[in-house]
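Visitor: Pasting a predicted model and its sequence here:
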Amino acid sequence: QVQLVESGGGLVQAGGSLRLSCAASGRAFSNYAMGWFRQAPGKEREFVSGISWSGGTTHYADSVKGRFTISRDNTKNTVDLQMNSLKPEDTAVYYCAARGGSGTITVLKSRYDYWGQGTQVTVSS
């Protein structure tokens with residue numbers, strides 16, 4: 001069992017930055033690939049970014065590539081999402097997720113085993 005708690009959301013103007021953090025507790029964090037997803041009102045939850053168990057591989061949705069950076073610290077059991085050049089269309093609830101098994105990244109939300117409660121990000125124009 002893994003418990004995930006997100007923090008760092010808030011209200012920011014377009015062009016601004018936020019850093020989301022996800023703290024994990026429970027079973028060996030370093031065994032899990034981690035992902036960030038987001039869900040805007042009336043829309044499906046979508047993949048934003050993922051990082052492999054070692055941190056050696058990362059993947060981004062095209063919509064955030066070049067603006068967002070994912071990182072993890074397996075000594076602290078945290079995974080962060082640095083979000084720069086934010087746009088109003090980035091407004092959503094952001095969720096952290098953990099995937100066991102191979103520890104590899106996938107964009108499929110159904111392949112993730114554990115989820116946090118989400119943190120709201122609102123970008124004003």
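Guide: Structure received. Residues are numbered from 1 along each chain as shown.
Visitor: Number of residues surrounding the spatially closest residue to residue 14 that is not a sequence neighbour?
Guide: Nearest residue to residue 14 in three dimensions, chain neighbours excluded: residue 125, at 5.3 Å (CB to CB, 6 or more residues apart in numbering). Quick note: C-beta positions are derived from backbone N, CA and C, even for glycine. Other residues lying near residue 125 total 9 when counted by other CB atoms under 10 Å.
Visitor: Residue 86 is in contact with residue 125, correct?
Guide: No: in this structure residue 125 lies outside contact range of residue 86 using CB atoms under 8 Å: 10.5 Å.
Visitor: shared neighbours, the two?
Guide: Common contacts of residue 125 and residue 86 (CB atoms under 8 Å, 6 or more residues apart in numbering): residue 14.
Visitor: SS state for residue 66?
Guide: Assigned by DSSP: H, G, I helix; E, B strand; the rest coil, the conformation of residue 66 is coil.
Visitor: Mind listing residues that contact the helix or strand harbouring residue 69?
Guide: Assessed by DSSP states H and E, residue 69 sits inside strand 68-73. Here strand 68-73 makes contact (CB under 8 Å, 6+ apart) with 34, 36, 48-51, 55, 58, 60, 78-84.
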